[in-house]
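Novice: Structure for this input, please:
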Amino acid sequence: MQFPEIVNLTTYPIADPDFRAACKAEYDATGILSMPGFVTPKAIKTIHDEGQANEDKVFATTAQHTVYLSAPDPNFAPEHPRNRLVTSSKGCITDDLMPADSALRTLYNADDFRGFLCEVLGEQALYEYADPLSSINLHFAKTGQELGWHFDNSSFAITLMVQAPEQGGQFEYVSDVRDADSGEMGFDTVGDILDGKAEVNTVTAEAGTLVFFRGRNSIHRVAPNDGARTRMLAVLAYNTEPGVSLSPEARMTFYGRTE
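Specialist: Got it, this is the predicted structure:
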């Protein structure tokens, strides 16, 4: 499948400078950019079918972690927001299991798409991961599975909804809770969010929706899937420098193998 068959270029003229500037302005102002119907129904169906065909190769994990994705700090009590644990459970198909001619891979590698991402994100260039597992991941969340509240270590995330759940499974976030660069961790606000006392923003995406999200300082989660239909989400991961690999320890944790 060729790139013009994958992206709805009529609705999203991603090579147009004015369109790129408008997308960047929205992303810069809000930290999120949602683009419903970005990928065509035909392309989404092929990506979905590839995922189903390889579902027996999914690596499934359930783990508890802090919202900061780091080990608990003994300087704080276990019930302190710094150390409180949340649960994440999901399955994942890794990059090396994606067919060479997959529409997902064509999208990931397309110069026009990567140029559009660079403009919106304000990056000079974007590069795939050097390891064979991490660039393209297809995540599966079955009934009851969720992604617990957390901050990202990376400055941006690009995701594509492949199959939305029947109910639940919505993306929830609160912007600018911490300032990682200054060391302000936003403990009070994090505590309120974990206790269900804070107002959160919600994004419900249908199949074909591309989402940019700035999650380093904005806490976010994927709520539990409350329906029978599996939520299927593609994560398109890029680096701003060439030759970067996810650490062997992280690969073992996320994928159950290192290569």
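
Novice: Which stretches in the stretch 1-150 of the chain count as helices?
Specialist: Using DSSP state H, counting those that start in this stretch, the helices of the stretch 1-150 of the chain run over residues 3-6, 17-30, 41-53, 103-109, 111-121.

Novice: Which of the ones you listed sits closest to residue 87?
Specialist: With Cβ to Cβ as the criterion, residue 87 lies closest to helix 41-53 of the helices of the stretch 1-150 of the chain, at 23.5 Å. C-beta here means a position set from N, CA and C on the backbone, and glycine is covered the same way.

Novice: Which other helices and strands does the worst-scoring helix or strand of the chain on mean pLDDT contact?
Specialist: Using mean pLDDT, DSSP states H and E, helix 248-255 stands out as the lowest-scoring helix or strand of the chain, at a mean of 84. Contacts defined by 3 or more Cβ pairs under 8 Å, 6 or more residues apart in numbering; DSSP states H and E place helix 248-255 against strand 59-66.

Novice: quick one: the strand it packs on to chain centroid distance?
Specialist: 16 Å (Cα atoms, centre = their mean, to the nearest Å).

Novice: again, but for stretch 165-183
Specialist: For stretch 165-183, the distance to the chain centre is 11 Å (Cα atoms, centre = their mean).

Novice: Next, the buried residues of that stretch.
Specialist: Going by neighbour count (16 or more other Cβ atoms under 10 Å), the buried part of stretch 165-183 is 165, 168, 169, 170, 171, 172, 173, 174, 177, 178.

Novice: can you pull the contacts of the spatially closest residue to residue 6 that is not a sequence neighbour?
Specialist: Counting by Cβ to Cβ, 6 or more residues apart in numbering, residue 43 is the residue found nearest to residue 6 once chain neighbours are left out, at 4.3 Å. Shown in contact with residue 43 (Cβ atoms under 8 Å, 6 or more residues apart in numbering): 1, 5, 6, 7, 103, 107.

Novice: Would you confirm that the fourth one contacts residue 116?
Specialist: In this case it means residue 7. No - Residue 7 sits out of contact with residue 116 when judged by Cβ atoms under 8 Å, with a separation of 9.3 Å.

Novice: With neighbour numbers in mind, choose between those two.
Specialist: Between residue 7 and residue 116, counted using other Cβ atoms under 10 Å, residue 7 has the larger neighbour count: 26 against 21.

Novice: mind checking how far the more buried one is from residue 106?
Specialist: 10 Å (Cβ to Cβ, to the nearest Å).

Novice: Pick out whichever of the buried residues of stretch 165-183 sits closest to residue 148.
Specialist: residue 172 (11.0 Å).

Novice: residues in contact with the closest one?
Specialist: 200, 201, 202, 203, 220, 221, 222, 223.
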